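Visitor: Everything below, folded, please.
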Amino acid sequence: MKKKVYDLLNKSKYFISFIYGLIILNVIVLIFESYEDYRTSFSNFFYYFEVVSVIIFTIEYILRLWSSDLDKKVKGSSFIKRIKFAISTFGLIDLVAILPFYLPLILTVDLRVIRILRLFRLLRIFKLGRYSKSLKTIAEVLRSTKSELAITGIVAFIFLVLSSTIMFYFEHEAQPDKFASIGHSFWWAVATLTTVGYGDVFPITTMGKFMSGIIAIIGIGFIALPTGIISSAFMERIQKIKKKNQVCKCPNCGTIINNKL
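Guide: From the prediction side, this is the model:
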């Protein structure tokens with residue numbers, strides 16, 4: 001019985017397609033629910049759809065937790081395997097997807113907190129990562145480049161702090177309201193280095209403008225580094241997948257010779 005449940009949850013195309021569609025519908029309903037006209041006219045429908053969705057996701061979570069001890073990739077006793085599933089990425093996502101519905105029923109919380117908890121319903125879209133090969137590929141790329149991304153992130157943060165400090169000393173006297181501190185200057189540094197440039201805070205002194213230009217030019221390269229790292233790793237991963245799936249056939253008889261790397 002447990003084996004059938006495990007196979008249904010992890011291998012059945014029909015079940016996977018059903019959950020896939022339900023997640024997408026939940027996101028669509030959440031978007032429409034943000035419109036006051038729709039929220040007023042279809043309040044009952046939105047509520048009952050949420051209840052039914054939560055019941056389905058709750059049953060799915062309980063069944064996954066119950067049958068997770070059949071996962072041969074995870075080592076340990078049945079109890080340990082269930083604990084590992086519960087604290088795994090997908091296990092936590094499954095839990096967060098249903099938790100906002102039950103918390104107000106268990107705890108007395110402020111209505112504003114309930115509104116914030118509703119935002120977590122959007123996290124159900126991350127459940128797609130369990131079924132989507134594309135999302136799995138992106139996750140693998142991020143894991144393989146985490147060291148490089150961490151290094152560029154640290155360098156970018158140092159440059160942000162340095163830029164904020166420089167602009168504070170150049171612009172503070174001329175604009176004490178906008179460059180009141182290094183912390184206030186940090187917003188300018190973020191907007192400039194990401195090439196967004198909102199225009200609400202900008203230098204007016206000669207040295208401030210000069211340094212701003214240099215910082216903006218250097219910032220283009222720093223901000224582009226993570227993009228280049230991820231793009232390169234993603235293309236490399238795609239090429240590996242294509243080679244792995246490539247089928248080599250004998251030109252004479254058409255027999256498959258080798259389809260591995």
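Visitor: Report how many residues lie close to Ser163.
Guide: 24 (other Cβ atoms under 10 Å). Where C-beta positions appear, they are placed from N, C-alpha and C, glycine not excepted.
Visitor: could you say what helices and strands whichever strand or helix holds Phe32 packs with?
Guide: Assigned by DSSP states H and E, Phe32 falls within helix 13-33. With contacts taken as 3 or more Cβ pairs under 8 Å, 6 or more residues apart in numbering; DSSP states H and E, helix 13-33 sits against helix 43-67.
Visitor: which residues are in contact with the helix it packs on?
Guide: With contacts defined as Cβ atoms under 8 Å, 6 or more residues apart in numbering, helix 43-67 is touched by 2-3, 5-6, 9, 19, 22, 25-26, 29, 32-33, 39, 82, 85-86, 91, 94-95, 97-98, 101-102, 121, 124.
Visitor: at 6 Å what do you get?
Guide: If you take Cβ atoms under 6 Å, 6 or more residues apart in numbering as the criterion, helix 43-67 is touched by 2, 5-6, 9, 26, 29, 33, 82, 94, 97-98, 101.
Visitor: quick one, strands of the protein?
Guide: All strands of the chain, identified by DSSP state E, fall at 248-249, 256-258.
Visitor: which regions of the protein lie under the pLDDT threshold?
Guide: 107-133, 135, 195-200, 245-261 (pLDDT under 70).
Visitor: Residue for residue, what is the longest helix it has?
Guide: helix 206-245 (DSSP state H).
Visitor: Give me the domain ranges for this protein.
Guide: 2-130, 146-258 (automatic domain parsing).
Visitor: closest to Ala139 out of the ones you listed?
Guide: Taking Cβ to Cβ, domain 2-130 is the member of the domains of the chain nearest to Ala139, at 6.5 Å.
Visitor: Give me the distance from that closest one to the chain's centre.
Guide: Relative to its chain's centre, domain 2-130 lies at 16 Å (Cα atoms, centre = their mean, to the nearest Å).
Visitor: what do you get for stretch 213-226?
Guide: 25 Å.
Visitor: circling back: just the CA trace of the helix holding Phe32, in CSV.
Guide: Written as CSV, here are the backbone C-alpha positions of helix 13-33 (Å, rounded to 0.1, in the frame of the first residue of the first chain):
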residue,chain,number,x,y,z
LYS,A,13,2.1,11.5,-14.6
TYR,A,14,-1.6,12.1,-13.9
PHE,A,15,-1.1,13.0,-10.3
ILE,A,16,1.9,15.2,-11.1
SER,A,17,-0.1,17.0,-13.8
PHE,A,18,-3.0,17.4,-11.4
ILE,A,19,-0.9,19.0,-8.7
TYR,A,20,0.9,21.1,-11.3
GLY,A,21,-2.4,22.5,-12.5
LEU,A,22,-3.7,23.1,-9.0
ILE,A,23,-0.6,25.1,-8.1
ILE,A,24,-1.0,27.3,-11.2
LEU,A,25,-4.7,27.8,-10.5
ASN,A,26,-3.8,28.8,-6.9
VAL,A,27,-1.4,31.5,-8.2
ILE,A,28,-4.1,32.7,-10.7
VAL,A,29,-6.7,32.9,-8.0
LEU,A,30,-4.3,34.8,-5.7
ILE,A,31,-3.8,37.4,-8.4
PHE,A,32,-7.5,37.8,-9.1
GLU,A,33,-8.2,38.0,-5.4
